[in-house]
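Colleague: Here's a sequence, model it:
(2 chains)
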Amino acid sequence: DQQVKQNSPSLSVQEGRISILNCDYTNSMFDYFLWYKKYPAEGPTFLISISSIKDKNEDGRFTVFLNKSAKHLSLHIVPSQPGDSAVYFCAASSNSGGSNYKLTFGKGTLLTVNP
Amino acid sequence: NAGVTQTPKFQVLKTGQSMTLQCAQDMNHNSMYWYRQDPGMGLRLIYYSASEGTTDKGEVPNGYNVSRLNKREFSLRLESAAPSQTSVYFCASSAQGITEAFFGQGTRLTVV
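Modeller: Just a heads-up that it's a prediction; the model follows:
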């Protein structure tokens, strides 16, 4: 049972436009959400996160939106740059039972930003 | 500042062979993790160690053992490698009470 779903395996956008990556989750106990970025042959790197008590978090060109009622979050990249081309993983964790350190990942979305 | 260091970076094993993947972090983090990444599967948690002296199973622990040698080091052992264990393995660490984890560069393991 996949608890974190990224239904788009890939996304292609033009440089300068907005990239929107989507993520859905099924476990209502999740209360903290993260996005990681991964280049080929490298480990994932943390990008941005959001707590369930918020509906938006912004960091430069990256904004994450959370819709708890729909169990949906999205990552917006504006403007998109060729260097943003990578695989983006959505991840979630739950604070219940002191397990806030375990992350459940989606399958990832390959973003390609074309010059 | 190395962060999370994994060795080796690449390894080819024959079915039935054993090996240990090494991981060390220099960020004084309490928690450490081993994930595997397979095509189309995302990252799946194999084992984790919430703090020095403790280890627990993750989502896919079968065929693996771990040792939290000290606060810095967390090793993953394959006792009898199988082709199904062909994967990229990532070690990660995080500070106590902090969910964001820092990842190593990965070990690409092929079992033939």
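Colleague: If you drop the residues flanking it in sequence, what lies closest to residue 18?
Modeller: By default, I'm working from chain A. Leaving aside its sequence neighbours, residue A:18 sits nearest to residue A:78 (Cβ to Cβ, 6 or more residues apart in numbering or on different chains; 4.7 Å). In short, each C-beta sits where N, CA and C put it, glycine included.
Colleague: My question was about chain B, not that one.
Modeller: In space, residue B:18 is closest to residue B:79, 5.2 Å off (Cβ to Cβ, 6+ apart).
Colleague: For the residue nearest the centre of chain B, what are phi and psi?
Modeller: For chain B, residue B:34 is the residue whose C-alpha lies nearest the centre (Cα atoms, centre = their mean; 3.0 Å). Dihedral angles of residue B:34 (phi, psi; degrees, to the nearest 10) stand at phi -120, psi 130.
Colleague: and what of residue B:88?
Modeller: Dihedral pair for residue B:88: phi -110, psi 130, per degrees, to the nearest 10.
Colleague: how about it, what does it touch?
Modeller: B:36, B:37, B:38, B:106, B:107, B:108, B:109 (Cβ atoms under 8 Å, 6 or more residues apart in numbering or on different chains).
Colleague: Just to be sure, which of the residues you listed are found in strands?
Modeller: Under the assignment DSSP state E, the contacts of residue B:88 contribute B:36, B:37, B:38, B:107, B:108, B:109 to strands.
Colleague: Pick out whichever of these sits closest to residue B:87.
Modeller: residue B:36 (4.4 Å; Cβ to Cβ).
Colleague: all strands for chain A, in order.
Modeller: Using DSSP E, strands in chain A cover A:4-5, A:10-14, A:19-25, A:32-38, A:45-51, A:56-59, A:62-67, A:72-77, A:86-93, A:104-105, A:109-114.
Colleague: Sorry, slip of the keys, the one I care about is chain B.
Modeller: Assigned by DSSP E, chain B shows strands spanning B:4-7, B:10-13, B:19-25, B:31-38, B:42-49, B:56-57, B:64-68, B:74-78, B:87-94, B:102-103, B:107-111.
Colleague: what about those strands, which gets the closest to residue A:31?
Modeller: In terms of Cβ to Cβ, the element of the strands of chain B nearest to residue A:31 is strand B:87-94, at 16.3 Å.
Colleague: If you compare the directions of the closest one and strand B:19-25, what angle comes out?
Modeller: Strand B:87-94 and strand B:19-25 are oriented at 30 degrees to each other (axes from the mean of the first three to the mean of the last three Cα atoms, to 10 degrees).
Colleague: what angle do strand B:87-94 and strand B:74-78 make?
Modeller: 160 degrees.
Colleague: is the residue in chain B positioned nearest to chain A in a bridge, and if so with what?
Modeller: For chain B and chain A, the shortest gap (Cβ to the nearest Cβ) falls at residue B:103, measuring 3.4 Å. Residues in a beta bridge with residue B:103, per DSSP bridges, are residue B:92.
Colleague: check contacts around it.
Modeller: By Cβ under 8 Å, 6+ apart, residue B:103 lies in contact with A:36, A:43, A:44, A:45, B:4, B:35, B:90, B:91, B:92.
Colleague: what about 10 Å?
Modeller: Shown in contact with residue B:103 (Cβ atoms under 10 Å, 6 or more residues apart in numbering or on different chains): A:36, A:38, A:42-46, B:3-4, B:6, B:33, B:35, B:43, B:90-93.
Colleague: sorry, back to before: tabulate the strands of chain B (TSV), appending mean pLDDT.
Modeller: Below are the strands of chain B laid out as TSV (pLDDT from 0 to 100):
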stretch	mean pLDDT
strand B:4-7	97
strand B:10-13	96
strand B:19-25	97
strand B:31-38	95
strand B:42-49	94
strand B:56-57	93
strand B:64-68	96
strand B:74-78	97
strand B:87-94	96
strand B:102-103	95
strand B:107-111	97
